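> Following is a predicted model, sequence given first.
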Amino acid sequence: MSLINTVRATVLSIANKNNFGYITPNDFNLYAKQAQLDLFEDYFYQYNSWNVKQNVRQSGTGYADIVKGLEEVVDSFSSTKALLNSSLNLFDLPEDYYLINKINYYPTLVDSGLVDSVTPPASTTLTDTTATFSSSGVKAGDVISNLTTGEFGYVQQVISQTALVGTQIWDLGNEYAIVKNSAMREIERVSQNKIFYLNASHLTQPSTLYPAYVLGGATGSLYGNTITVYPDSINTVGTVISQYIRYPKDPNWTYVQLPGGEPSFEETAADYQDFELPKSDETNLINKILQYAGVSIRDASIAQFGKAEETEANKQEGQ
């Protein structure tokens, strides 16, 4: 059963029972987005708090290992993408990144090109009539990146000189790059101040064996924040791969409007998106949404109700 539909039904039931007013689908989606973001960010504060408790032996093990449960939820938002460079060694971070875990450099580019045939549409088979996969040494297990979407995957099978099977979906016109899944090096993050001093000496300046990067500010590009990788010889698209924690996708309760009736839930809509948080957060989502709804319709009682329920839930969880 869809979590977002269950949450909405409960929120409307509480609001109607107490005559708090009607919450439109568009308003509900806005509240749901903010509620999910609040709870998502709270996982990191909980993780820190329970780590402290674990260090002083105030946290259990096995089924009582709260830290393990929090890690599993956060890890479900882990994503890996190839970084696209906007100029030389300046790479754009994915637009949905929340925090970077690590960035790796794969120095051996084997092949790159353009997908010029896909059968059937949106297939895992990549065909490039100008490629030389077999003679170039492309092997199963090599890293392959979709430079159009940033998707990261692996070569599963080399079919011929011009065709292979990957672990991600390919569409006509996608650009790709293939690198060897060996000699991979982690790019160390350093501060803007430190990189200045590192580059000032031949003994300490970053190299392709020991690369480094600094996090830049927002730019005018689609992806926002950027990183600058050193040395600047690391500038080939598809060789810099980021593993990061992404933001959850915006929830979207989709519906069809029945003549003279209430909106009816439509789970098969193309833009439908359920909550990405675990079902155990259902009560927290309801309470958060009620708080936002109360503020929006200027009814303090509904906001207070949601806040009181949230406080009680936090007490039970030991927060």
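Structure's in. What do you need?
> wait, what's in contact with residue 146?
If you count contacts by Cβ atoms under 8 Å, 6 or more residues apart in numbering, residue 146 has them with 82, 152-153, 168, 170, 174-176. For every residue, glycine as well, the C-beta is placed using N, CA and C.
> Kindly recompute the last result at 10 Å.
81-82, 115, 126, 152-153, 166, 168-171, 174-177, 238 (Cβ atoms under 10 Å, 6 or more residues apart in numbering).
> Which phi and psi values does it adopt?
phi -90, psi 110 (degrees, to the nearest 10).
> Could you do residue 192 as well?
Dihedral angles of residue 192 (phi, psi; degrees, to the nearest 10) stand at phi -60, psi -40.
> If you tally nearby residues, what's the number for the closest residue to it other than its chain neighbours?
Of all residues not flanking residue 192 in the chain, residue 214 sits nearest, at 5.3 Å (Cβ to Cβ, 6 or more residues apart in numbering). When neighbours are counted by other Cβ atoms under 10 Å, residue 214 registers 17.
> which residue is nearest the middle of this protein?
residue 246 (2.5 Å; Cα atoms, centre = their mean).
> what's near enough to touch that one?
77-79, 81, 94-99, 276.
> still on that earlier bit, please convert the buried members of the contacts of residue 146 into PyMOL selection syntax.
Selecting the buried subset of the contacts of residue 146 in PyMOL, with 16 or more other Cβ atoms under 10 Å as the burial test, is done by:
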select buried, resi 81+82+115+126+152+153+166+168+169+170+174+175+176+177+238
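> Can you tell me which of the contacts of residue 146 lies closest to residue 39?
residue 81 (24.4 Å; Cβ to Cβ).
> Surely that closest one and residue 148 touch.
No. In this structure, residue 81 is not within contact of residue 148 by Cβ atoms under 10 Å, at 11.6 Å.
> Can you tell me the element residue 26 falls in?
helix 25-55 (DSSP states H and E).
> Looking at that helix now, give me its mean pLDDT.
Regarding helix 25-55, the rounded mean pLDDT is 92.
> roughly how far is stretch 133-147 from the heart of the chain?
Taking Cα atoms, centre = their mean, to the nearest Å, the mean C-alpha location of stretch 133-147 is offset from the chain mean by 25 Å.
> So which bits of that stretch are buried?
By 16+ other Cβ under 10 Å, the buried positions in stretch 133-147 come out as 133, 138-139, 142-147.
> Could you list the alpha-carbon positions for that stretch in CSV?
The C-alpha trace of stretch 133-147 is given here as CSV (Å, rounded to 0.1, in the frame of the first residue of the first chain):
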residue,chain,number,x,y,z
PHE,A,133,35.0,-2.3,-27.7
SER,A,134,36.7,-5.7,-28.3
SER,A,135,40.0,-4.4,-29.7
SER,A,136,40.1,-1.5,-27.2
GLY,A,137,40.1,-4.0,-24.3
VAL,A,138,36.7,-3.4,-22.8
LYS,A,139,35.9,-6.2,-20.3
ALA,A,140,33.1,-7.2,-18.1
GLY,A,141,33.4,-5.3,-14.8
ASP,A,142,34.8,-2.1,-16.3
VAL,A,143,33.1,1.0,-15.1
ILE,A,144,30.7,2.7,-17.6
SER,A,145,29.1,6.1,-17.1
ASN,A,146,26.2,7.7,-18.9
LEU,A,147,27.6,11.2,-19.4
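> Can you flag which of the contacts of residue 246 belong to strands?
78-79, 81, 97-99 (DSSP state E).
> what's the pLDDT at residue 282?
96.
> wait, it sits on residue 6?
Yes. Judged on Cβ under 10 Å, residue 282 makes contact with residue 6 at a distance of 6.7 Å.
> overlap in contacts of those two?
With Cβ under 10 Å, 6+ apart as the test, residue 282 and residue 6 both reach residue 275.
> all helices for the protein, in order.
Taking DSSP state H to define them, one finds helices in the chain at 3-17, 25-55, 66-75, 133-136, 192-199, 282-296, 300-316.
> most neighbours per residue, which of those helices?
helix 282-296 (a mean of 22; mean count of other Cβ atoms under 10 Å).
> returning to what we had before: out of the contacts of residue 146, which one sits closest to residue 31?
Distances from residue 31 to those, taken as Cβ to Cβ, are shortest for residue 81 (29.7 Å).
> how close does the spatially closest residue to that closest one that is not a sequence neighbour sit to residue 181?
Among residues not flanking residue 81 along the chain, residue 150 sits closest, at 4.0 Å (Cβ to Cβ, 6+ apart). In this view, residue 150 and residue 181 are 18 Å apart by Cβ to Cβ, to the nearest Å.
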